[in-house]
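> Following is a predicted model, sequence given first.
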Amino acid sequence: MVQIGIRGAMFNDDDIVWGESQGVRIIRIEEVAQRGIDDVMAEARQIVGTEPTYVTFDIDCVDPAFAPGTGTPEVGGFTSREAQRLVRHLDGLNLVGADLVEVAPPFDPTGATAWLGASLLFELLCALSQSPSTKKG
């Protein structure tokens with residue numbers, strides 16, 4: 001399991017320490033900013049390798065300036081372009097499924113979050129359509 005873009009108030013890091021002790025690779029937003037999306041996604045791809053992979057994209061990883069309609073808005077997140085790049089880096093993986101969670105339209109009367117969510121879901125479907133698992137039938 002890989003989590004990318006974790007951020008928020010870090011009054012303590014018990015949840016991070018516990019996750020890492022369970023074998024989860026947690027890549028905080030600061031590490032993404034330092035290393036870059038290409039490098040981070042190369043590591044994520046190496047971790048999952050050719051194994052069947054399920055992707056959950058949580059819209060609250062996107063900065064509320066781009067996606068305010070979520071139950072857990074937190075400043076300092078990805079831009080919409082960075083979110084798109086993250087998803088596009090999934091191309092060629094052995095994807096068996098994906099979802100996009102935490103879009104809350106009532107919290108965004110402009111519809112920007114829903115539009116971004118739909119766009120990212122389309123990108124996820126494109127990656128799924130190219131997956132070796134999909135091509136096997």
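Noted; the coordinates are in hand. Residues are numbered from 1 along each chain as shown.

> going forward, measure contacts between C-alpha atoms and count neighbours the same way
Fine.

> residue ranges with poor pLDDT in the chain?
Scanning the chain for pLDDT under 70 picks out the ranges 10, 136-137.

> Taking the centroid of it, which residue is nearest it?
Closest residue to the average C-alpha location of the chain: residue 57 at 4.1 Å, with Cα atoms, centre = their mean.

> Not counting residues beside it along the chain, what's closest to that residue?
residue 100 (4.6 Å; Cα to Cα, 6 or more residues apart in numbering).

> Neighbours of that neighbour, how many?
15 (other Cα atoms under 10 Å).

> Could you look up the SS state of it?
Per DSSP: H, G, I helix; E, B strand; the rest coil, the local secondary structure of residue 100 is strand.

> Longest helix of the chain, counting residues only.
Assignment by DSSP state H gives helix 112-129 as the longest helix of the chain.

> by contact count, what packs against that one?
Other helices and strands packing on helix 112-129, by 3 or more Cα pairs under 8 Å, 6 or more residues apart in numbering; DSSP states H and E, are helix 80-88, strand 95-101.

> For it, list every residue counted as buried.
Judged by neighbour count using 16 or more other Cα atoms under 10 Å, the buried positions of helix 112-129 are 112-114, 116-117, 120-121, 123-125, 127-129.

> if you go through this structure in chain order, where are the strands?
Under the criterion DSSP state E, the chain contains strands at 2-6, 25-28, 53-58, 95-101.

> Restricting to C-alpha, output the third one in CSV.
Same thing as strand 53-58. The C-alpha trace of strand 53-58 is given here as CSV (Å, rounded to 0.1, in the frame of the first residue of the first chain):
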residue,chain,number,x,y,z
THR,A,53,-3.5,-2.9,-8.1
TYR,A,54,-6.6,-1.1,-6.9
VAL,A,55,-6.4,2.7,-6.8
THR,A,56,-8.4,5.0,-4.5
PHE,A,57,-8.2,8.7,-5.3
ASP,A,58,-9.3,10.9,-2.5
